[in-house]
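Engineer: Sequence and predicted structure are below.
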Amino acid sequence: MPGVILPWPPKELSPNARLHWSKVAKAKKSYRQISWALALEAKIKVSTTGEEPIFLRVSFFPPDRRHRDDDNMIASMKAGLDGLADALKVNDRRFKCTWEFSTEIKGQVKVELL
């Protein structure tokens, strides 16, 4: 299955971070650009016509053994998925995601097109 491996989202993107909006905006912009560049490098292709759903499997591999809430990991990926949508030239509302949470330590997020 085609896909891309993204770095673990920066801690500034966690909903629990409670940072000044400008620091959050800077982290979002950076992570979105990184995701965009990695998706282009992976040469992922999807149909850009129509409104059919794009099914994704998003697998989280944490950087350490600390406990993280599933919903916070999902929220932290918003900028990453926006970058992927930018690279694919599609609206991210087409993404239909299946979320997986691993205990294997890798510090990455694997996004696969199904």
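Structural biologist: Noted; the coordinates are in hand.
Engineer: Now the residue nearest to the spatial centre of the chain, what are its backbone angles?
Structural biologist: Centre of the chain computed as the mean C-alpha position; nearest residue by Cα atoms, centre = their mean is Gly80, 3.5 Å away. Here is the backbone geometry of Gly80 (degrees, to the nearest 10): phi -60, psi -40.
Engineer: What's the separation between it and Asp64?
Structural biologist: 19 Å (Cβ to Cβ, to the nearest Å). For every residue, glycine as well, the C-beta is placed using N, CA and C.
Engineer: In terms of secondary structure, what does the lengthiest helix in the chain contact?
Structural biologist: When the chain is parsed with DSSP state H, its longest helix is helix 21-42. The contact analysis (3 or more Cβ pairs under 8 Å, 6 or more residues apart in numbering; DSSP states H and E) places helix 21-42 against strand 3-7, helix 78-88.
Engineer: Which of the three states applies to the residue lying closest to Phe101 once chain neighbours are set aside?
Structural biologist: Excluding the flanking residues, the one nearest Phe101 by Cβ to Cβ, 6 or more residues apart in numbering is Phe60, at 5.1 Å. Here Phe60 is recorded as strand under DSSP: H, G, I helix; E, B strand; the rest coil.
Engineer: if I look at Phe60, how far off is Trp8?
Structural biologist: According to Cβ to Cβ, Phe60 stands 8 Å off from Trp8.
Engineer: Having no further points to raise, I will conclude here.
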